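Asks: Mind looking at a prediction? Sequence and model below.
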Amino acid sequence: MAERELKECVETLRIALAAQPDTPANVIAREAVRIADLLIRKNQDYGCSAWTEPLMAPGIDPRTALQVRMSDKVMRIFSLSKKDATAKVNESIEDTMRDLAGYAILWLSCPQAGVEKSF
């Protein structure tokens, strides 16, 4: 993302966060910030592991590994959404949706194969 586009996005987000609570823009902005905050904190804990070759699956590129994780989350959403589903783990559909959104952001921001990045 170019610097100018980034500044425009940040300004849009700032305006939405300053908007009247419970307006669509404010609610969306708050959820986006919540997901970004969680991703950044987890990335600090895990050390960019989502963008490296999986230790348990050598030879699989990071984007493919992220797609597998996303597929797992979609299956979890499907399982949690069944009317007769009784969760054995305390995980809500909302938590799982946030995880899925986080994986999508990681996939979109993952360096392309062959592009050298130093973090």
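Replies: Cool, got the structure. Numbers count the residues shown, from 1 in each chain.
Asks: And Arg76, which helix or strand is it part of?
Replies: helix 62-81 (DSSP states H and E).
Asks: List the contacts of that helix.
Replies: 50-54, 57, 60, 85, 87, 91-93, 96-97, 99-100, 103-104, 106-107, 110, 113 (C-beta atoms under 8 Å, 6 or more residues apart in numbering). C-beta: built from backbone N, CA, C; applies to glycine.
Asks: So which of those sit within strands?
Replies: If you go by DSSP state E, those have nothing in strands.
Asks: out of the residues you listed, which are buried?
Replies: By neighbour count, with 16 or more other C-beta atoms under 10 Å, the contacts of helix 62-81 hold 50-51, 54, 96-97, 99-100, 103, 106-107, 110 as buried.
Asks: Save those as a markdown table, and put in distance to Lys73 too.
Replies: Putting these into a markdown table (distance: C-beta to C-beta, whole Å) gives the following:
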| residue | distance to Lys73 |
| --- | --- |
| Ala50 | 13 |
| Trp51 | 18 |
| Pro54 | 16 |
| Thr96 | 6 |
| Met97 | 8 |
| Asp99 | 5 |
| Leu100 | 4 |
| Tyr103 | 7 |
| Leu106 | 12 |
| Trp107 | 12 |
| Cys110 | 16 |
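Asks: Need the max-distance pair from those residues.
Replies: Pro54 and Met97 (23.4 Å; C-beta to C-beta).
Asks: So in this protein, which helix runs the longest?
Replies: Counting residues, the longest helix in the chain under DSSP state H turns out to be helix 24-46.
Asks: Output that helix in PDB with nothing but the alpha carbons.
Replies: Output of helix 24-46 as PDB, limited to C-alpha atoms (Å, rounded to 0.1, in the frame of the first residue of the first chain):
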ATOM      1  CA  PRO A  24     -22.400   1.400  11.300                       C
ATOM      2  CA  ALA A  25     -19.000   3.200  10.600                       C
ATOM      3  CA  ASN A  26     -18.100   3.300  14.300                       C
ATOM      4  CA  VAL A  27     -19.100  -0.400  14.900                       C
ATOM      5  CA  ILE A  28     -17.100  -1.500  11.800                       C
ATOM      6  CA  ALA A  29     -14.100   0.600  12.700                       C
ATOM      7  CA  ARG A  30     -14.100  -0.700  16.300                       C
ATOM      8  CA  GLU A  31     -14.200  -4.300  15.100                       C
ATOM      9  CA  ALA A  32     -11.400  -3.700  12.600                       C
ATOM     10  CA  VAL A  33      -9.200  -2.200  15.300                       C
ATOM     11  CA  ARG A  34     -10.000  -5.100  17.600                       C
ATOM     12  CA  ILE A  35      -8.900  -7.600  15.000                       C
ATOM     13  CA  ALA A  36      -5.800  -5.600  14.100                       C
ATOM     14  CA  ASP A  37      -4.800  -5.300  17.700                       C
ATOM     15  CA  LEU A  38      -5.200  -9.000  18.300                       C
ATOM     16  CA  LEU A  39      -3.200  -9.800  15.200                       C
ATOM     17  CA  ILE A  40      -0.300  -7.500  16.000                       C
ATOM     18  CA  ARG A  41      -0.100  -8.800  19.600                       C
ATOM     19  CA  LYS A  42      -0.200 -12.500  18.500                       C
ATOM     20  CA  ASN A  43       2.400 -11.800  15.800                       C
ATOM     21  CA  GLN A  44       4.700 -10.400  18.500                       C
ATOM     22  CA  ASP A  45       4.200 -13.600  20.600                       C
ATOM     23  CA  TYR A  46       4.500 -16.000  17.600                       C
END
